[in-house]
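Asks: Sequence plus predicted model, see below.
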Amino acid sequence: MELDDLSRPAIADHLREHLDDMRSVSPPESVHALDLDGLRAPNIRFWSAWIDDSLVGTVALKDLGAGDVEIKSMRTTAAARGRGVGRQMLAFALEQARTSGAARVVLETGAEPYFEPARGLYVAAGFSVRGPFADYVVDPNSVYMELALA
C-alpha cells in the first residue's frame, strides 16, 4: 500500500469505474462515493495497492473529527477480487486509523445484494451495524457500520 496523490491515470480510471458501478446499482441520492476532487480534500488520506505495475485496489480514510474516521473508496479491481486484497486493504486502513489516534472507524456501504461481499468483509473484521453518522441520513439503500478501535 502506498500513500497516493491521485495523479496517475490508472487511479482516475479505477475511481471512474467505481462511480459508474455505484450509479448502476444504487439510486443517485444513495451514491456516496467520492470523485477525484472529493478525495483530494485535506482531511482525506488515500492509498493505492499495486502488484508489480498493476493497480489492485484503493482505500481512503476521512477524518471526521472527535476521534472518528470514515473509510471511503475501498475497492479492489475485478482481477484482484477473491484474492484477499480487500481484507489486506481493510487491515491496513484499520492500522492507519489506530496509529493516527482514531477511536472509531465508520463507513457507509450499500444495502443491495451487490454489496453483500463488502458487508461480509466488514462484519468479519468486527464491524457492527449502526445508524447514520456525520451528514448521512436514514436511507434504505445504505448500511452504516462502525468499529471501535482498542
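Replies: That came through, no problem.
Asks: all helices of the chain, in order?
Replies: Using DSSP state H, the helices found in the chain span residues 9-25, 36-39, 85-99, 116-124.
Asks: Buried residues in the last one, which are they?
Replies: By neighbour count, with 16 or more other C-beta atoms under 10 Å as the criterion, the buried positions of helix 116-124 are A118, R119, L121, Y122. To be clear about C-beta, it is placed using only N, CA and C from the backbone, and glycine gets the same treatment.
Asks: for the residue lying farthest from the centre of the chain, phi and psi?
Replies: Relative to the centre of the chain, the most outlying C-alpha is that of D52, 22.5 Å out, by C-alpha atoms, centre = their mean. Torsion angles at D52 (phi, psi; degrees, to the nearest 10) stand at phi 60, psi -120.
Asks: rewinding a little: output the buried residues of helix 116-124 as CSV; include the columns pLDDT and distance to E29.
Replies: Output for those, formatted as CSV (pLDDT from 0 to 100; distance: C-beta to C-beta, whole Å):
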residue, pLDDT, distance to E29
A118, 94, 20
R119, 96, 20
L121, 96, 25
Y122, 98, 22
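Asks: Nearest to A103, out of those residues: which one, please.
Replies: Ranked by distance to A103 (C-beta to C-beta), these are led by Y122 at 17.6 Å.
Asks: since we're on the nearest residue to H14 once chain neighbours are set aside, how many residues are nearby?
Replies: In space, and not counting its chain neighbours, H14 is closest to L55: 5.8 Å by C-beta to C-beta, 6 or more residues apart in numbering. Counted with other C-beta atoms under 10 Å, residues neighbouring L55 total 19.
Asks: can you check D21 too?
Replies: Using other C-beta under 10 Å, the number of residues around D21 comes to 15.
Asks: So which other helices or strands are in contact with the lowest-mean-pLDDT helix or strand in the chain?
Replies: Within the chain, no helix or strand scores below helix 9-25, which has a mean of 89 by mean pLDDT, DSSP states H and E. Under the contact definition 3 or more C-beta pairs under 8 Å, 6 or more residues apart in numbering; DSSP states H and E, helix 9-25 sits against helix 36-39, strand 54-65, strand 68-76.
Asks: Pull out the buried residues from it.
Replies: In terms of neighbour count (16+ other C-beta under 10 Å), helix 9-25 has its buried residues at I11, H14, L15, H18, M22.
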